[in-house]
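Enquirer: My questions are about this predicted structure, shown below with the sequence.
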Amino acid sequence: MRLTSIAAGAALPAIFLASVMHGQRTNRSPAASGSAAAPSIAVVNARVWTGDARRPWADALAVAGERLAVVGTSAEVRKLARPETRIIDAAGMMVVPGFIDSHVHFVAGGFGLASVQLRDAKTPAEFIRRIAHYTATQAPGAWITEGNWDHEQWGGELPRRDWIDSVTPNNPVWINRLDGHMSLANSAALRAAGVGSDAGDVPGGTIVRATDGAPTGIFKDNAQSLVERAVPEPTPQQVDGAVDAAMSYVAGNGVTSVHNMGTWADVAAFERARRGGRLRTRIYAAVPLASWEQLRDTVNARGRGDAWLHIGGLKGFVDGSLGSHTAAMLAPFTDAPNDTGLFVNTPEHLYAWTSGADKARLHVIVHAIGDRAIRAQLDVFARVAGEDGARDRRFRIEHLQHIAPADIPRVAQLGVIASMQPYHAIDDGRWAEKVIGHERAKTTYAFRSLLDAGVRLAFGSDWFVAPATPLEGIYAAVTRRTLDDRNPTGWIPEQKITVEEALRAYTRDAAYAEFAEAEKGVLVKGMLADFVIIDRDLTTIAPETIRDARIVMTVVGGRVAFERRNAAGK
């Protein structure tokens, strides 16, 4: 296949308002929008998985402008081609709708690409060595952040500031665990933040202390704010660089749209990219749930945006994470019999914010990991829906990791979307049973049970927490083989799903989860020309080889955002 890239900063095509934004349709019907213009790109001899139940498969497609002009046979597409049309002979490779990552932390992920890499550090010595090496490349006084360490790699002992103080004497260090729910500060960071042995406890958080009461350097959930407030804010130029890096990274993994769980500062960065013609990833930008009044006023004044950048979503938190022992559980952790986790926000606050946001017709998206947290948020959703009446609100629970079996039917009855990250299943599955036991693990990342109950799944990565690699996510959902390869037939194998079910969760149903299913998520004439070419047909290969597949090309709005050099074909 002959592939030629476009410049990373090239201007993007004109924007068309998204057809479905929280129930508000435009006057234009995508299905009626065939363009008479000559196709700019034509893909032939492909295995095109359309995602459309009426015609699941085709073998070619053509792009005119930023939309699909034809999805059909190679003969149909070749008839439309003109001398200026780029014809791509896929030679049997697979084409799917552009992957939609339903849960990312885009700016933090972009920053993390350039920071110290600790995710796969397998021993405390390796952890220390990598921090020392990276710190040596930084100017004295510069903060060392991100990191994404995982103490389960070396058996579960939490790192301490005394591990790294000697190799970071001149640089404050504030590095997070890969789930973002706890972080490690060195002594320089504690001094900069003014945190000493007399630091008081923080509601919804934990300061891990040594026997003498002094902080070990580990701060969990809300307690992280004690150090976070001292970290210098990045400059707009640094943030813009992180956004650009993030867009390149996700395009290389076949991701054409993301749902960003972030801040108002993130929205400002995305708007700068949009104005500057740099936006190459479609973004649904959620802001904190507690700021629902600001979002209501912003939407009323400016609208919800367009197919490249739109707002309307609000992200809240019930609890923390399993790996940090801050997930709110109905029964104590198996390895900590006096601990049931914590709520980072009270049920009263969650109800008030959800109720206000729902009355303003905003989209409520809430993180709940433990079974107690999930039940509490389902109670909030049921109460608010009962008070405000039936309508298409598409409440979401993010992660929904450790659900009590009795609550699975409630998710379906309430129409709650399960926004889940399958890579977590093969990551956490290495150690989760020592924390919650086998019985509770049976409905951990319960993809099969949720689908069978009629729940709609929207898949994502939680990047920076996990890599934004949909092919690995599909592999995880289909095989459930843990990263340590100790579960060759799958961890909790009864929760496996099929390749096509996983593809729908990354495409059609992920578009539904942002009220954008009339514009993207399937390959049908008139829809946005967001698609991905994969070097093999995921539906016919051995499931355990899915993770070996490679993205060959990513197209967003009819423009090539990524292409692999020296790909097969001509």
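Expert: Everything's here; your move.
Enquirer: how about the nearest residue to the most centrally placed residue in the chain, chain neighbours excluded?
Expert: Centroid-nearest residue in the chain: H103, 2.6 Å away (criterion: CA atoms, centre = their mean). Distances taken as CB to CB, 6 or more residues apart in numbering place G460 nearest to H103, at 3.6 Å, with adjacent residues excluded. Where C-beta positions appear, they are placed from N, C-alpha and C, glycine not excepted.
Enquirer: Contact partners for the one you found?
Expert: Contacts for G460 (CB atoms under 8 Å, 6 or more residues apart in numbering) come out as I100, D101, S102, H103, V104, V258, H259, S419, M420, Q421, G473, A510.
Enquirer: Report pLDDT for the fourth one.
Expert: Model confidence at H103, expressed as pLDDT, equals 98.
Enquirer: host element of it?
Expert: H103 belongs to strand 99-104 when assigned by DSSP states H and E.
Enquirer: Contacts for that strand, please.
Expert: So strand 99-104 is in contact with 250, 253-261, 398-399, 419, 421, 458-463, 468, 470, 506-507, 510-511, 513-514, 520-521, 532, going by CB under 8 Å, 6+ apart.
Enquirer: Give me the subset of those residues lying in helices.
Expert: Among the contacts of strand 99-104, the members found in helices (DSSP state H) are V250, P470, Y506, A510, A511.
Enquirer: S449 and T443 touch, don't they?
Expert: Yes: between S449 and T443 there is a contact under CB atoms under 8 Å: 6.3 Å.
Enquirer: Name the residues contacting each of the two.
Expert: P405, I408, Q495.
Enquirer: sec struct for R440, please.
Expert: Secondary structure assignment for R440 (DSSP: H, G, I helix; E, B strand; the rest coil): helix.
Enquirer: In the stretch 451-570 of the chain, where is pLDDT below threshold?
Expert: Residue ranges of the stretch 451-570 of the chain with pLDDT under 70: 566-570.
Enquirer: same deal with the chain?
Expert: Scanning the chain with the threshold set as pLDDT under 70 gives 1-36, 566-570.
Enquirer: Now a PyMOL select for only the buried ones of the shared contacts of S449 and T443.
Expert: Here is the PyMOL selection string for the buried members of the shared contacts of S449 and T443, based on 16 or more other CB atoms under 10 Å:
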select buried, resi 408+495
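Enquirer: Nearest to L279 among the shared contacts of S449 and T443?
Expert: Comparing the shared contacts of S449 and T443 against L279 with CB to CB places Q495 closest, at 36.4 Å.
Enquirer: Using JSON lines, lay out the ones in helices among the contacts of strand 99-104 together with neighbour count.
Expert: Formatted as JSON lines, these follow (neighbours: other CB atoms under 10 Å):
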{"residue": "V250", "neighbour count": "29"}
{"residue": "P470", "neighbour count": "31"}
{"residue": "Y506", "neighbour count": "31"}
{"residue": "A510", "neighbour count": "33"}
{"residue": "A511", "neighbour count": "30"}
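Enquirer: Quick one: these as a markdown table, columns for distance to T326 too.
Expert: Formatted as a markdown table, the ones in helices among the contacts of strand 99-104 follow (distance: CB to CB, whole Å):
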| residue | distance to T326 |
| --- | --- |
| V250 | 28 |
| P470 | 28 |
| Y506 | 28 |
| A510 | 27 |
| A511 | 32 |
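Enquirer: Of those residues, which is the nearest to G323?
Expert: Nearest to G323, judged by CB to CB, of the ones in helices among the contacts of strand 99-104 is P470 at 22.6 Å.
Enquirer: Rebuild the shared contacts of S449 and T443 as CSV, extending it with distance to R280 and secondary structure.
Expert: Conversion of the shared contacts of S449 and T443 to CSV gives the following (distance: CB to CB, whole Å; DSSP: H, G, I helix; E, B strand; the rest coil):
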residue, distance to R280, secondary structure
P405, 42, helix
I408, 38, helix
Q495, 35, helix
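Enquirer: Give the buried residues for stretch 322-338.
Expert: The neighbour-count check on stretch 322-338 (16+ other CB under 10 Å) flags L322, G323, S324, H325, T326, A327, A328, M329, F333, T334 as buried.
Enquirer: so how far is D335 from the second one?
Expert: The one in question is G323. 12 Å (CB to CB, to the nearest Å).
Enquirer: next one: L483
Expert: In this view, L483 and D335 are 20 Å apart by CB to CB.
Enquirer: Was I right to think E433 contacts A441?
Expert: Yes: between E433 and A441 there is a contact under CB under 8 Å: 5.1 Å.
Enquirer: More neighbours: which of these two?
Expert: A count of neighbours by other CB atoms under 10 Å puts A441 above the other of E433 and A441, at 21 against 18.
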